[in-house]
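# model the structure of this input:
(4 chains)
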Protein chains: 4
Amino acid sequence: EVSSCASRMAKSSFEYVRSFETEEKCLPNTWIVVRIDGKGFHKFADAHGYEKPNDKRALDLMTKAAEVVMDEFRDIKIAYGQSDEYSFVFKKDTNLYNRRSVKLMTNVNSLFASSFVYYWSQYFAEVKLRYPPSFDARIILYPTNKNLRDYLSWRQADVHVNNLYNTTFWSLVLKKGLTNTEAEERLQRTLASDKNEILFSEFGINYNNEPEIFRKGTTLVRTKVKSSTDEISKKGIEELHCDIIKEKFWKEHKDILEPYS
Amino acid sequence: EVSSCASRMAKSSFEYVRSFETEEKCLPNTWIVVRIDGKGFHKFADAHGYEKPNDKRALDLMTKAAEVVMDEFRDIKIAYGQSDEYSFVFKKDTNLYNRRSVKLMTNVNSLFASSFVYYWSQYFAEVKLRYPPSFDARIILYPTNKNLRDYLSWRQADVHVNNLYNTTFWSLVLKKGLTNTEAEERLQRTLASDKNEILFSEFGINYNNEPEIFRKGTTLVRTKVKSSTDEISKKGIEELHCDIIKEKFWKEHKDILEPYS
Amino acid sequence: EVSSCASRMAKSSFEYVRSFETEEKCLPNTWIVVRIDGKGFHKFADAHGYEKPNDKRALDLMTKAAEVVMDEFRDIKIAYGQSDEYSFVFKKDTNLYNRRSVKLMTNVNSLFASSFVYYWSQYFAEVKLRYPPSFDARIILYPTNKNLRDYLSWRQADVHVNNLYNTTFWSLVLKKGLTNTEAEERLQRTLASDKNEILFSEFGINYNNEPEIFRKGTTLVRTKVKSSTDEISKKGIEELHCDIIKEKFWKEHKDILEPYS
Amino acid sequence: EVSSCASRMAKSSFEYVRSFETEEKCLPNTWIVVRIDGKGFHKFADAHGYEKPNDKRALDLMTKAAEVVMDEFRDIKIAYGQSDEYSFVFKKDTNLYNRRSVKLMTNVNSLFASSFVYYWSQYFAEVKLRYPPSFDARIILYPTNKNLRDYLSWRQADVHVNNLYNTTFWSLVLKKGLTNTEAEERLQRTLASDKNEILFSEFGINYNNEPEIFRKGTTLVRTKVKSSTDEISKKGIEELHCDIIKEKFWKEHKDILEPYS
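Numbers count the residues shown, from 1 in each chain, chains lettered A, B, ... in the order given. Modelled structure (predicted):
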């Protein structure tokens, strides 16, 4: 008991170390975006035989993990994912964790990571997960609706540019037998129109007919679901693969931005 | 192709949103501690039938996940775990991720979380993981060796206080049939010596003979392992359950603090 | 020359200490408010015989110092002062000092402080400045026009509450001979209406006829001044003592908020 | 009274704007350095006829302002000044303003600025201060004694390099009649030894005999002063112009670093 008494006394004499912790809070009345990114996912994709240029299973698994996050954190109003990244947008006036940025970031991030592993086998039934992946996260504040829309537009424009490139690149490699280096050289300094032309004339691919999930990424929004039995509406999550740059989407989902205009 | 051109142009017009990101770096020449904590692990423990007061499988799984982290991040010099938390100490002069705090924190955190799920079945062979867990993380800077040792002492003193309480509490509940409330009341305002006495006189338990992993937590350090075949030494990770408050441990592991004294 | 060579070499070997500096920037697209506050100005006011409850000379000197600041920093769109404080509002899209918060804060603050001393004798011709005063400063970010207006309204509402109290308090002390303690007790738990009544019935003062500079504080805005000779408009600073809580002011000064609505 | 009631109600409805303020604190157990720098002091020096290459009056005025700061803030253990800058070192365990960085920085900065103006005429009796100067400030944290000494060494090495250059440059301009451009060209790519040689052979100046205040800057430390009358020791401030890079100074002033070794 001597030792335990000492321990308790010691504990209090050590407790000053808590004062070294910080507690930064997000500026009030700003949109909070948490974006997670796969770390070393080129290598991860190769190690697990991801299909090129897009692996539908991988995208669906990412979206499944994102849905777990949205289910847990009800103040997320919209999420947008593409490739190995996902962005989660908390409502401007969320008070979750007192808006402490580190809490928001790390809880979203770790839940996403553990969900990715948890649901792996549902999407990659025949592929063993060879090692646990990691993701980094960042938190970004946007003061206005326009800034937030521009952020999401930026991520979606990124998909377009990358996916057109990748689709052409992998067509050259997989269907024409070019080496990676040859395909890279072929595409150097080509415009979007050039890539569209290559796809069409050499591979009979009309890029605009490619699956929307590849061209537009995945947008998750909350929807009211009418329960048939008791007429009480419940919130569900809807998965969309549409343009979120233009006005149309935002007119159809006014509830996302409207209260804060 | 018009649309893709627009997209590319759009992309650049949106890119200003990057300027809203921040890049805080850890003060140079300070110890960097990243501590992860299970979120809602009382509920998680109940949902998965954790043994009371300590579940060896759970502690070993935590340590396995910590070892994955230490394997990946070679600048971690020591890690200390107990209950549902683990602390990772990066060397004072690490330059990993340019000392960007968010990068350090979220990469450690997500790798820990995904490893926890990845290795679950190795430790809980007969218990299905019912849902993906999450962990929060924080990053704390300590300027001196003394501050760092006090931090680790604080965590280890915490184990002692909690474990003595929990061991007594669960003895009363599981072996004596008290309700949780009755056990709580019985222990209110008791000293460490009182709890030791209850354990000894009512349950024949000498607390000091309880397994060290429960009383001392788990310390991970790097060790040189001599490979028998080629005499080249490799770094391994050693798992200890010893006192890290007193001098003895630090004398035996001078390499942890010495270069920075 | 040996020593100077050593010095130069030494200098480069010391230069690593620069890496300990930080450079936090204000979130883009937010209003930046720098507020300065006199430190220990109760004592300062007593030491320099400030008139009670308001000293017009002191307010005018504060405003003079604020005008120096506005002259120097052209991105300040509006300033608001009362008592021993002044708030400066930089336009949302200022790029001054790359929006580095410490630079903005300390340059405004020190210029205000040095101007206060520099112009002292113009306002307090017969009072010697007995010691150099200091001011603290803070920087606050407001994402929306509404938040900014609410901030300014908060400061102006503060004037009202304080000035009504002070006017009554000092009437009781100076005109009725109450001690400070007696006056305090008399005013404890009185409403605004009570204070108005005391002023009117005991001192014949209609509070609403008190000078606006005391009741409303001082608002500085930029105005176009027509130069008579060459018809070229120049920017000047206008001093107002009006309500800035209600719509009227903002309708008459649309240029302050408009570009950012 | 209606309006004042509204005002008071309004005040509370506006008060939420306070939540936008932040309160960053300096990491505990680290040296806190506040450095102030004159803003635009090349122009300021020209406007006030500063002597070249060094103006003793200006240096003494800077030191006077620094002494006011040290008198006010007793937790400053040492200050070091040169040219238009001054560094103030708060003791590692200061709790002034709860270690809030903005408070420390802006109070030191504004007191320095107002003192500079306040004491101007004592040092520049025949030169009218033409406009109020401003200073920026920064705050830097150093975890170890070595880091702190290296910081101060860095500033002193900076004096040496600059002063040797300036002494030679202004000798060429003022005594030899070179234009500024000619003098610059002459000194391009010269070593310290070259400059010493120019000074000696062309101007008969032995650089090492130049006044120490110009070559070493000014160090302010606290000293015990024995009051002759009552034998009670009081703290005074001592002004030194010595080397603070080498051990000697620190051995003679052990009290500065010792408690924190």
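
# what's stretch A:168-187 in contact with?
With C-beta atoms under 8 Å, 6 or more residues apart in numbering or on different chains as the contact definition, stretch A:168-187 has outside contacts at A:52, A:53, A:165, A:195, A:198, A:199, A:202, A:203, A:205. Using the backbone N, CA and C atoms, a C-beta is placed for each residue, glycine as well.

# surely residue A:118 touches residue B:116?
No - using C-beta atoms under 8 Å, residue A:118 makes no contact with residue B:116, being 10.1 Å away.

# between these two, which one's more packed in?
In this view residue A:118 and residue B:116 are compared by other C-beta atoms under 10 Å in any protein chain shown, and residue B:116 has more residues nearby, 29 against 22.

# what helix or strand is the nearest residue to that one once chain neighbours are set aside located in?
Nearest residue to residue B:116, sequence neighbours excluded (C-beta to C-beta, 6 or more residues apart in numbering or on different chains): residue B:65, at 4.6 Å. Here residue B:65 sits within helix B:56-72, counting by DSSP states H and E.

# enumerate the positions of that helix that are buried.
B:57-70, B:72 (16 or more other C-beta atoms under 10 Å in any protein chain shown).

# flag every residue of chain A that's near chain C.
With C-beta under 8 Å from any C-beta of the partner chain as the criterion, chain A meets chain C at residues A:27, A:28, A:29, A:30, A:141, A:142, A:143, A:144, A:147.

# just the ones of those in helices?
Here DSSP state H is the test, and the residues of chain A next to chain C give residue A:147 as lying in helices.

# wait, which of the residues of chain A next to chain C is closest to chain D?
Of all these, chain D sits closest to residue A:28, with 5.5 Å by C-beta to the nearest C-beta.

# just say helix, strand or coil for residue A:53.
At residue A:53 the chain is in coil, as set by DSSP: H, G, I helix; E, B strand; the rest coil.

# can you count the residues close to it?
Residue A:53 has 19 neighbours, counted by other C-beta under 10 Å.

# look up the closest residue to it, ignoring the ones flanking it.
Distances taken as C-beta to C-beta, 6+ apart place residue A:166 nearest to residue A:53, at 3.7 Å, with adjacent residues excluded.

# same check, this time on residue A:14
Leaving aside its chain neighbours, residue A:14 sits nearest to residue B:154 (3.5 Å; criterion: C-beta to C-beta, 6+ apart).

# hmm, back to that, quick check: the farthest pair among the residues of chain A next to chain C?
Using C-beta to C-beta, the residues of chain A next to chain C span at most 15.6 Å, a distance reached by A:28 and A:147.

# looking at the two, which is more packed in?
Here residue A:28 and residue A:147 are set side by side on neighbour count (other C-beta under 10 Å), and the busier one is residue A:147, at 23 against 18.

# does the more buried one touch residue B:18 like I think?
No - when contacts are counted by C-beta under 8 Å, residue A:147 is not listed as touching residue B:18 (11.5 Å).

# contacting residues for the residue nearest to residue B:116?
Neighbours of residue B:65 in contact, by C-beta under 8 Å, 6+ apart: B:86, B:112, B:113, B:115, B:116, B:119.

# wait, the second one touches residue A:106, no?
No - counting by C-beta under 8 Å, residue B:112 sits too far from residue A:106 to count as a contact (10.3 Å).

# ok, residue A:190 - how many residues close by?
The local packing of residue A:190 (other C-beta under 10 Å) involves 15 other residues.

# let me redo that: residue A:80
26.

# that one and residue A:192, how far apart?
Per C-beta to C-beta, to the nearest Å, residue A:80 is found 22 Å from residue A:192.

# which residues of chain A fall in strands?
A:31-38, A:76-82, A:85-90, A:135-142, A:218-226, A:233-240 (DSSP state E).

# quick one, phi/psi of the nearest residue to residue A:144 once chain neighbours are set aside?
Distance criterion C-beta to C-beta, 6+ apart; nearest residue to residue A:144, sequence neighbours excluded, is residue C:29 at 6.3 Å. As for residue C:29, its main-chain torsions (degrees, to the nearest 10) stand at phi 60, psi 30.

# list the contacts for residue C:29?
With C-beta under 8 Å, 6+ apart, residue C:29 has these contacts: A:142, A:143, A:144, A:147, B:20, C:92, C:93, C:143.

# now, of those, which are buried?
Among the contacts of residue C:29, those buried by neighbour count (16+ other C-beta under 10 Å) are A:142, A:143, A:144, A:147, B:20, C:92, C:143.

# can I get the residues you listed in JSON lines including distance to residue D:137 and pLDDT?
Formatted as JSON lines, the buried ones among the contacts of residue C:29 follow (distance: C-beta to C-beta, whole Å; pLDDT from 0 to 100):
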{"residue": "A:142", "distance to residue D:137": "30", "pLDDT": "96"}
{"residue": "A:143", "distance to residue D:137": "27", "pLDDT": "95"}
{"residue": "A:144", "distance to residue D:137": "32", "pLDDT": "95"}
{"residue": "A:147", "distance to residue D:137": "31", "pLDDT": "95"}
{"residue": "B:20", "distance to residue D:137": "26", "pLDDT": "88"}
{"residue": "C:92", "distance to residue D:137": "25", "pLDDT": "95"}
{"residue": "C:143", "distance to residue D:137": "27", "pLDDT": "95"}
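
# residue A:150 and residue C:99, how far apart?
For residue A:150, the distance to residue C:99 - C-beta to C-beta - is 18 Å.

# just residue A:17 next, same as before
According to C-beta to C-beta, residue A:17 and residue C:99 sit 34 Å apart.

# which residues does the spatially closest residue to residue A:219 that is not a sequence neighbour contact?
Using C-beta to C-beta, 6+ apart and skipping the chain neighbours, the partner closest in space to residue A:219 is residue A:240 (4.4 Å). Contact partners of residue A:240, counting by C-beta under 8 Å, 6+ apart, are A:218, A:219, A:220, A:221, A:249.

# with neighbour count as new columns, can those be given to me in CSV?
Shown next, in CSV, are the contacts of residue A:240 (neighbours: other C-beta atoms under 10 Å in any protein chain shown):
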residue, neighbour count
A:218, 21
A:219, 23
A:220, 21
A:221, 20
A:249, 18
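
# so who does the residue lying closest to residue A:18 once chain neighbours are set aside touch?
Closest residue to residue A:18 apart from its sequence neighbours, by C-beta to C-beta, 6+ apart: residue B:154 at 7.9 Å. With contact taken as C-beta under 8 Å, 6+ apart, residue B:154 is in contact with A:11, A:14, A:15, A:17, A:18.

# roughly how far does residue A:212 sit from residue A:220?
According to C-beta to C-beta, residue A:212 and residue A:220 sit 15 Å apart.

# err, residue A:182, not the other one
Per C-beta to C-beta, residue A:182 is found 38 Å from residue A:220.

# with residue A:45 instead?
22 Å.

# got it, and residue A:201?
Distance, residue A:201 to residue A:220, by C-beta to C-beta: 37 Å.

# same question, residue A:209
24 Å.

# same thing with residue A:162?
Taken as C-beta to C-beta, the span from residue A:162 to residue A:220 is 20 Å.

# I figured residue A:136 hits residue A:39, correct?
Yes - the pair residue A:136 / residue A:39 is scored as a contact, 5.7 Å apart, by C-beta under 8 Å.

# between those two, which one's more packed in?
residue A:136 (24 against 19).

# identify the residue nearest that one in space, chain neighbours excluded?
Going by C-beta to C-beta, 6+ apart, residue A:136 has residue B:106 as its nearest residue, at 4.7 Å.

# do residue A:145 as well
residue A:257 (4.7 Å).

# tell me the confidence at residue A:11?
Note on residue A:11: pLDDT of 71.

# what distance separates stretch A:208-226 from the centre of its chain?
13 Å (C-alpha atoms, centre = their mean, to the nearest Å).

# and the residue positioned nearest the centre of chain A, what does it touch?
Nearest to the mean C-alpha position of chain A, counting by C-alpha atoms, centre = their mean, stands residue A:86 at 0.7 Å. Contact analysis of residue A:86 by C-beta under 8 Å, 6+ apart lists A:35, A:36, A:62, A:65, A:66, A:69, A:79, A:80, A:112.
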